[in-house]
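Visitor: sharing a model that was predicted from the sequence below.
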Amino acid sequence: MIVPAHAHARTAALPGLVATLVLAASSVASADPTPPGGLTNDLFEPAECVMCHSISNAKVHADDPLYSPFLGWQGSMMANAARDPVFWAGVALADQDHPGETEVCIRCHSPRAFLNGRADATEITDLDPADMDGVTCEACHRMMDDSPNPLGNASYRIDDVLVDGVVPRRGPWDDYEEPVTPPHAWIADPFTGSSELCGTCHDVSTDRPRLDDKGNEIAPQFNEQRTYSEWAGSSFAAPGDGFASCQDCHMPAVADMAACQAFINNNTHPTGGRRHDLVGANRFMLQLLQQEYGSQGSGDVADLAFETSIARLDELLASAATVEVVGPDSVDTTVGLSDLEVTVTNHSGHKLPTGYSEGRVMWLEVTATYNGGVVWSSGAFEPGVGPTEGPQLRTYEGVGDQLATGTTFHLLLNDHWVEDTRIPPLGLAPDLQTDPVGGRYTLLDDGTWPNYDIVPYTFAGVADLVDDTPEADDDDELVVTVNLWYLINSPAYIELLANDNESNEAGSDVAMLFDAAGGAPPMLLGEAELTIPITAFGGASGSSSSDSGPAVDSTADSPGASTDGPGATTGAGTSSGTGGGGQDDDGGGCSCTSGGQQSGGAGWLALFGLAAVRRRRRAASWA
């Protein structure tokens, strides 16, 4: 059986354990978070897990995308959290602002480095080769419920008690059928599949007291990110039919999935296992990481892993938001366009967008065209700048600053929220830690925040727009297109990381990476289209109008329906689209092989083995 995903780990008992494992679990039942140097038994490197957990699909899933736990993990931002160049540029800046306070950054992005005494790392060269694997398999599969200690800031507690010579791996299943049993000790622990495990790292506070607009202290710490708390305060966390854990979206369930290579088509679990997709919305960074660490770079990570993560990311983005647009029955272009209304609905389990807020912005682009020419527009993307400013530009972002100076984009200086206009999740209850900031949202009748934003648009009349078909009275239409865009690293943020860094080259390095790639393209999270009959024109020559002033060309000013950049296409529909946000396994190895159908597993398994060998060879000459 599998422990239900909605089991609340802080109150659930461990089911069906072997007696020795019950003793092992109870012997470490109450303790503080594991400190640096606190482990007798180090975290295994993920290379120890590749043989058994780079599994092929079971026969029933032969035609599905590969769901290998190792494959899904290796190409994710979780596995590459310590390789992320934007992270290291941010760490350098944070260490300048408050030296010695970046420990929590390392705790989250490289648990192995933290546990082995490298919590003071401020650049990537401070890490050992094994630290580069970020949030490793054992970081999660040896992590234990740490209640009543508060969640957040990577205050994890790691199991360190040997059973049969190895620290047991924790996971969701509590039964295995003879003669096939795991080659290592194991514990069925509902905490492993709980949102609380994710909350260990996905609520972050800094040591600056939080101030209101007048400079009054309203909280002892600054709530830098509250992804877990946003979920916990929403309808998704309430028991019942609407419950959905972090894992339900970021680690989708797969029925009849095997636990490891030895169990293919032999001992699958009808109640399902979990994909290890662990994806959010940072598509561009995955592409940069593949360039640096895939086959064309160091070769540390198999290209297939990155490509699989990008594909799963695109699927996730198709579920998090919808866009709708309504307007008038007709339009007189000399009078203008009014009564246009766009609704953006957040379907994710947290704010949209969520997480680390520095440099992240989501916005609406509205474009009205006649015969392919732009008549009105708002929010067009300007490469190298971002969304074009204008009186009707609608953005969704969290902007923190240092109240005394107005300094932004400096994480450890932030003590005040200028605004937080990100869209709340469904049913989010009022709480100082997760409330929107500013006057955009109003509590609903049930006392919760709305999970949608309704935006009205009005455009002034155009005096000189000409009818291209004057011989016909009823064939002219205005096409209104609405796109919801998301940019994770704005050009202004990347530029600041380079300009404000006085410590090392991390900021300039990341700026060069972005520049060489043409900058981070916005991702299309949703779209909608509306056609409105035109009843009157006023001019003798065509013209255009936009929030930004001068006429614009519809092809040059739009980012294009793309997750790869301007000009490419996506599979998003024309009436609604999607978006998301959100960010972040090691067992003892065995040389088991599958005796059943393997869905081409031998070829890609070899890729992982090659990547692991390359990584180990590099370790010998690491500088």
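Guide: Nice, thanks for sending it over. Residues are numbered from 1 along each chain as shown.
Visitor: please make it C-alpha for all contacts and neighbour counts, starting now.
Guide: Noted.
Visitor: alpha carbons only: can I get stretch 381-388 in PDB?
Guide: Provided in PDB are the C-alpha atoms of stretch 381-388 (Å, rounded to 0.1, in the frame of the first residue of the first chain):
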ATOM      1  CA  PHE A 381       7.300  43.100 -24.200                       C
ATOM      2  CA  GLU A 382      10.400  45.100 -24.900                       C
ATOM      3  CA  PRO A 383      13.500  42.800 -25.100                       C
ATOM      4  CA  GLY A 384      16.200  43.900 -22.700                       C
ATOM      5  CA  VAL A 385      13.700  45.900 -20.700                       C
ATOM      6  CA  GLY A 386      10.500  44.000 -19.900                       C
ATOM      7  CA  PRO A 387       6.900  44.900 -20.200                       C
ATOM      8  CA  THR A 388       6.300  48.300 -21.700                       C
END
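Visitor: so Arg169 bridges to which residues?
Guide: Counting by DSSP bridges, Arg169 forms beta bridges with Trp186.
Visitor: next: the one 4 residues further on.
Guide: Partner residues in beta bridges with Trp173: Ile2, with DSSP bridges as the criterion.
Visitor: can you count the residues close to it?
Guide: Trp173 has 22 neighbours, counted by other Cα atoms under 10 Å.
Visitor: that one reaches Ala188, doesn't it?
Guide: Yes - at 5.5 Å, Trp173 counts as touching Ala188 under the criterion of Cα atoms under 8 Å.
Visitor: can you list the buried residues in stretch 340-355?
Guide: Using 16 or more other Cα atoms under 10 Å as the test for burial, stretch 340-355 gives 340, 342-355.
Visitor: alpha carbons of that stretch, as CSV, please.
Guide: Provided in CSV are the C-alpha atoms of stretch 340-355 (Å, rounded to 0.1, in the frame of the first residue of the first chain):
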residue,chain,number,x,y,z
LEU,A,340,-13.2,45.4,-22.1
GLU,A,341,-12.6,43.1,-19.1
VAL,A,342,-9.9,40.5,-18.5
THR,A,343,-10.0,37.9,-15.7
VAL,A,344,-6.9,35.9,-14.6
THR,A,345,-7.6,33.0,-12.3
ASN,A,346,-5.0,31.2,-10.3
HIS,A,347,-5.4,27.4,-10.1
SER,A,348,-2.2,26.7,-8.3
GLY,A,349,-1.9,25.9,-4.6
HIS,A,350,0.1,29.1,-3.8
LYS,A,351,0.4,32.6,-5.0
LEU,A,352,0.9,33.2,-8.7
PRO,A,353,3.8,33.7,-9.0
THR,A,354,5.2,32.5,-5.8
GLY,A,355,8.6,32.0,-4.1
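Visitor: now it: how far from the chain's centre is it?
Guide: 14 Å (Cα atoms, centre = their mean, to the nearest Å).
Visitor: what about Asp431, neighbour count?
Guide: For Asp431, the count of nearby residues is 11 (other Cα under 10 Å).
Visitor: same question but for Lys214, I mixed them up
Guide: Residues lying near Lys214 (other Cα under 10 Å) number 8.
Visitor: so what's it up against?
Guide: Not one residue lies near Lys214 by Cα atoms under 8 Å, 6 or more residues apart in numbering.
Visitor: element containing it, please.
Guide: Using DSSP states H and E, Lys214 sits in no helix or strand.
Visitor: returning to what we had before: now go through the buried residues of stretch 340-355 and say which are in strands.
Guide: Leu340, Val342, Thr343, Val344, Thr345, Asn346 (DSSP state E).
Visitor: now do Thr206 against Gly152, distance only.
Guide: As judged by Cα to Cα, to the nearest Å, Thr206 and Gly152 stand 11 Å apart.
Visitor: before we move on, what about Trp363?
Guide: Plainly put, Trp363 is 29 Å away from Gly152 if you go by Cα to Cα.
Visitor: CA atoms of stretch 488-505 as PDB?
Guide: Output in PDB follows, covering the C-alpha atoms of stretch 488-505 (Å, rounded to 0.1, in the frame of the first residue of the first chain):
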ATOM      1  CA  ILE A 488      11.500  34.900 -13.800                       C
ATOM      2  CA  ASN A 489      14.700  37.000 -14.200                       C
ATOM      3  CA  SER A 490      14.000  40.600 -15.400                       C
ATOM      4  CA  PRO A 491      16.700  42.400 -17.300                       C
ATOM      5  CA  ALA A 492      16.900  45.000 -14.500                       C
ATOM      6  CA  TYR A 493      17.600  42.300 -11.900                       C
ATOM      7  CA  ILE A 494      20.300  40.600 -14.000                       C
ATOM      8  CA  GLU A 495      21.900  44.000 -14.600                       C
ATOM      9  CA  LEU A 496      21.900  44.800 -10.900                       C
ATOM     10  CA  LEU A 497      23.500  41.500 -10.000                       C
ATOM     11  CA  ALA A 498      26.400  42.400 -12.200                       C
ATOM     12  CA  ASN A 499      26.700  46.100 -11.300                       C
ATOM     13  CA  ASP A 500      26.300  45.900  -7.500                       C
ATOM     14  CA  ASN A 501      28.700  42.900  -7.100                       C
ATOM     15  CA  GLU A 502      32.000  44.100  -5.600                       C
ATOM     16  CA  SER A 503      33.000  40.600  -4.300                       C
ATOM     17  CA  ASN A 504      33.600  38.300  -7.300                       C
ATOM     18  CA  GLU A 505      32.600  37.700 -10.900                       C
END
